[in-house]
Structure formats: structure tokens, C-alpha cells
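Trainee: after the sequence you'll find the predicted model.
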Amino acid sequence: MAVTLPQILVSFKQLASSFITRSARGIAVLIVRDGTAGGDGYKTYTDATELSGAPYTAANIQAVKDALSFGPLRVGVAKVGTGGTLAEALALVLENEKTGWLTVVGGTPEDWSDLVSWTKAREAAYKSWKTVVFDAAAPDCMHVVNLVNAKVIFSDSRGEQDGDAYTPSLVGLLAACNVEQGSTNKLCANLSHVSMPDNPDAAVGSGKFLLVNDDDEVRVGVDVNSLITTNGSTRTEDMKYIETVEAMDLIRDDITAAYKQDYLGKYRNTLTNQMLFVAAINYYFEGLEDTVLDGEYANAASINVEAQRAAWVGSGKSEAADWDDATVRSMTFKRNLYLQGDVKILGSMVNLSFDATLA
């Protein structure tokens, strides 16, 4: 009987069919320093009515309501005392959530700097955490959004506040957006006006996230993260957009989860089994076409021949440098899988050019 991997295919079918549903609303997470008695630790909320009697200051309760107002899946609150450290709060977050959009309520410049460092460490570990900071010094990270509006005016009695007061709202807004609809032009319904830098285009081009005034409304300008430095492969121009990174993270997380659940340690490392796994990934890609991936593009996974060849050469088998590609594929390397994917992620329609000719 031929070796088959039925469960891995079923898992990818389920992941593909539920991709949009699962990505429709994400998780917003707020870190609060709060001396109110009780409630230290981590709690989650799905509705503002759940906050009645919650053990937070009025300002922190308002921050949670701000995040909830945009409709994320839920809002998590990591509460430490007024003297609590960011590291303590982040430990609470990691104990309770696998991923989400995170910020610090009333964060300090030191908090923002430390949160950027933490996010970069998560990125290096292939974890999908994304954070919102305020006017940080050149984060240059696709998983960090750097809000820079110096002042915001709330529509309620709070009136004008420093821009960092909007980070709780922004994590709620970004968590509520899915991979089919980016945050560009998203209405910030709880604001009436924001201050703007002298050169908005230059700000956005340097990885700064701007809210813009649109008549009597405030909207998201462009859904940029703080990535500036690109290399054409692992850090590309497309990765400067939040919706692209959201799709990338979900695809990577899905493939990783399916591999761990249904494949890791269960099958011998043969070319046949590798190709069955590749076929399952390609089926998954097909399920994402025209919603997340461009159906006009040949979205495909394959064995990374050059990486596998390099592994053999690096192990001392110098003749591998002269093997043809078919030989490299057939010579699986120890217990390693070297795979690669080539996909085209769809972006939202944003820029319009329309030329009209009059008869």
C-alpha cells in the first residue's frame, strides 16, 4: 500500500476553508500598571458590559473600552501594580496568549523602546506578535506599528490628549481588521481631529503610522508598519504593509501548526513523504486563492534544492555540489525538511489611476 498522509491533508483542508473566519477578528492585548486592589494577573473581555466593577482605574477601564469599540475577537488585559515592570506584564501575556496585537496603556519612552526589542525577539523566533508603540526611535520592524500623531482629540469628554492615548484604540482597530480588508482608510470613530506632521508623505515613507483628518472625520492614512530596511527577499517592500504581514503570519502559523500536529515525528524522512507534505501545502494555497492569495499566480511550495544541497556539502559530502536537482531531492538530509514557497499575497485596492477620454 502506498504511503499516504490523510490527516495532514484533512488538516490543511480545514485550515484553508476556515482561514477567513479565523482571521476575521484578532486579539487585542493591553498592558496596564494599576494600583487598584484585586485583579492582578491576566483577564479577557469581549464586551464593555463585562467591565462593570472591574479592578482598574477609570482611565484603564476607558482604554479597554476603546479597544473593544472596534470589535476585536477579545481584549486581554495584563495587569501589574504601579511599580510593575514591562517584563512581568509580558510574562503574563505569554502565559495566556499565543499571538495578538499588543500595547502598553500610558506607556513611557522606555516602555516603547523595550517593547520594540521584545517584538524583534519574537519575530526572530518566528512568533506572530505585533505591537503598537508611540513615536519610538526608528523601530524598523514589520511587526511594530509606530503611531506618531502628536495630539488626538477624542469625540467624548476627554477632548485633546497626547497621541499615545490612542494606542489602545489602535490595537483594537488593527486586531479587528482581517486579511481581506486592510486598515487603510479605516474610520477612527472615537476621534474628531488629529494633529499632523508638516510632511505626511515623508512620515509614512519612513515607517511612521499616521491618522489623518478627512473633512470632519479621522481615518487611518496608510496601513504601514515600521519596516524601512529591505533586502529583496526576507524583508521586501510589500512587507511594509500590515495586511501583508498579517497574511504571512497566518499562513506560516497554519503550516507550522499542521506540521506539528499531524506530521512531526510520525513519518520517515523520505522523498515520497516530503512530496506528500508539499502537495498538502499546495492544496492549502489553492484554498486561499482569490481571497488571500492571487489566483492568477502560481502559488506553490516545493523542496528547496539549494538549501538541501548546501546541507549535504556542509556535512562533508563535497560531491553534492555536482548533483543534479533530481538527485538532491531524492537525497533527503538526515531528519531535516528543506522546503520553500512562492506565493503572491493580495493587497487591498488603494491607489486609483483613471484616465478619461472625451469623444
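Mentor: Happy to help now that I have it.

Trainee: what's around residue 341, how many residues?
Mentor: The number of residues packed near residue 341 is 16, by other C-beta atoms under 10 Å. From N, CA and C alone the C-beta is placed, and that goes for glycine too.

Trainee: for the stretch 101-250 of the chain, which segments count as strands?
Mentor: For the stretch 101-250 of the chain, the strands defined by DSSP state E, counting those that start in this stretch cover 101-104, 130-134, 144-147, 151-154, 160-162, 191-194, 211-214, 217-220.

Trainee: distance to residue 86, mean pLDDT and mean neighbour count for these - can I get that in CSV?
Mentor: Putting the strands of the stretch 101-250 of the chain into CSV (distance: least, C-beta to C-beta, whole Å; pLDDT from 0 to 100; neighbours: other C-beta atoms under 10 Å) gives the following:
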stretch, distance to residue 86, mean pLDDT, mean neighbour count
strand 101-104, 7, 98, 28
strand 130-134, 11, 98, 28
strand 144-147, 15, 98, 26
strand 151-154, 23, 98, 18
strand 160-162, 19, 97, 13
strand 191-194, 27, 97, 19
strand 211-214, 25, 96, 18
strand 217-220, 26, 96, 20
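
Trainee: now those strands as a markdown table including distance to residue 49?
Mentor: Converted to a markdown table, the strands of the stretch 101-250 of the chain look like this (distance: least, C-beta to C-beta, whole Å):
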| stretch | distance to residue 49 |
| --- | --- |
| strand 101-104 | 22 |
| strand 130-134 | 25 |
| strand 144-147 | 28 |
| strand 151-154 | 21 |
| strand 160-162 | 25 |
| strand 191-194 | 23 |
| strand 211-214 | 28 |
| strand 217-220 | 26 |
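
Trainee: closest to residue 342 out of the ones you listed?
Mentor: Residue 342 sits nearest to strand 130-134 of all these, at 24.3 Å, using C-beta to C-beta.

Trainee: who does the closest one pair up with?
Mentor: strand 101-104 (parallel), strand 144-147 (parallel) (DSSP bridges).

Trainee: so which residues make contact with the first one?
Mentor: Contacts with strand 101-104, where a contact means C-beta atoms under 8 Å, 6 or more residues apart in numbering, come from 26-31, 72, 86, 89, 93, 111-112, 115, 129-133, 167-168, 170-172, 174-175.

Trainee: on that earlier part again, among the strands of the stretch 101-250 of the chain, which is nearest residue 343?
Mentor: strand 130-134 (20.1 Å).

Trainee: what lies in contact with that closest one?
Mentor: If you take C-beta under 8 Å, 6+ apart as the criterion, strand 130-134 is touched by 100-103, 107, 112, 115-116, 118-119, 139, 143-148, 163-164, 167, 170-171, 174, 209, 225, 242, 245-246, 249.

Trainee: separation between the closest residue to residue 163 other than its chain neighbours and residue 195?
Mentor: Among residues not flanking residue 163 along the chain, residue 149 sits closest, at 4.4 Å (C-beta to C-beta, 6 or more residues apart in numbering). Separation of residue 149 from residue 195 (C-beta to C-beta, to the nearest Å) stands at 6 Å.

Trainee: returning to that earlier point: which among the strands of the stretch 101-250 of the chain is found nearest to residue 308?
Mentor: Evaluated over the strands of the stretch 101-250 of the chain, closeness to residue 308 peaks at strand 130-134, with 32.1 Å, by C-beta to C-beta.

Trainee: roughly how far is the closest one from the heart of the chain?
Mentor: In this view, strand 130-134 has its centroid 11 Å away from the chain centroid, taken as C-alpha atoms, centre = their mean, to the nearest Å.

Trainee: kindly export that strand (C-alpha atoms) in PDB.
Mentor: Below are the C-alpha coordinates for strand 130-134, written out as PDB (Å, rounded to 0.1, in the frame of the first residue of the first chain):
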ATOM      1  CA  LYS A 130       2.500  42.500  16.600                       C
ATOM      2  CA  THR A 131       2.800  45.700  18.700                       C
ATOM      3  CA  VAL A 132       1.800  49.300  18.600                       C
ATOM      4  CA  VAL A 133       4.200  51.900  20.100                       C
ATOM      5  CA  PHE A 134       4.200  55.600  20.100                       C
END
